[in-house]
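*Asks:* prediction below, plus the sequence it came from.
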Amino acid sequence: MSTTEIPNFDVLLTKEEIDARIKQTAETLVPMLEGKSWTAIVILLGAAPFASDLLRALADRGIDVGFDALWLESYRDARESSGRVVVRADIQRSIAGRGALILDDVFDSGRTLEFARTHLMAKGAREVRTCVFARKPEAAPTGLDAWAYDAPPRYLVGYGMDDAGHWRGLSYLGAVPE
Ligand SMILES: O=P(O)(O)OC[C@H]1O[C@H](OP(=O)(O)OP(=O)(O)O)[C@H](O)[C@@H]1O
Ligand code: HPA
């Protein structure tokens, strides 16, 4: 992919606002995680920046969790879910008997998280908890344990989120112009 000029996206959250929300989210997770074994499962690709920031915020608060990745795909280059979640790469270590803390960038239709939950329970996870950076309003918040931001019903970019493979590296959270 060649480099492309970055458009003027509407800024929903600045880098500083993202940082503050990550810290708040870590605070809310601490009581839930304390005293048990957990593995944070980052849902690739989009959740990589969120997972890395959240893991550090948890460690700063004395919580160490294992870390693994599950690469799921359902949008590819579209702005709507294909309706079918595909596993592109599975977790690398056993989750049997451990709690799985699923981390994703955005909760939209809810399909990806539901798939991940079923997948990890089938592999013997003791329990599954879910935490996302942005929660879109369309999907019912069924099963979400924590989220950092209630997003408007717009297509989000930046902080890991892409539009046809672009803009994942933006340090702010943007929305494509309507
Ligand atoms: O709630 P949903 O409607 O399922 O949407 C959320 C999922 O969509 C995106 O994944 P995508 O398939 O685009 O892969 P990506 O993470 O590589 O961008 C995003 O990263 C979430 O995992
Ligand atoms: O708003 C979004 N932006 C990027 N990826 C997504 N996947 C689901 N919803 C979104």
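*Replies:* Done, it's in. Ligands and ions are numbered 1, 2, ... in the order given.

*Asks:* so Lys36 sits right up against Gly99, yeah?
*Replies:* Yes. Between Lys36 and Gly99 there is a contact at 5.7 Å, judged by CB atoms under 8 Å. Using the backbone N, CA and C atoms, a C-beta is placed for each residue, glycine as well.

*Asks:* who's more crowded, those two?
*Replies:* Neighbours per residue (other CB atoms under 10 Å) separate Lys36 from Gly99, with Gly99 holding more: 20 against 11.

*Asks:* measure the more buried one to Glu138 for me?
*Replies:* Counting by CB to CB, to the nearest Å, the gap from Gly99 to Glu138 is 28 Å.

*Asks:* any idea how far stretch 165-178 is from the middle of the chain?
*Replies:* 15 Å (CA atoms, centre = their mean, to the nearest Å).

*Asks:* shared neighbours of Lys36 and Gly99, anything?
*Replies:* Arg126 (CB atoms under 8 Å, 6 or more residues apart in numbering).

*Asks:* end-to-end on stretch 168-178?
*Replies:* Stretch 168-178 has an end-to-end distance of 19 Å (criterion: CA to CA, to the nearest Å).
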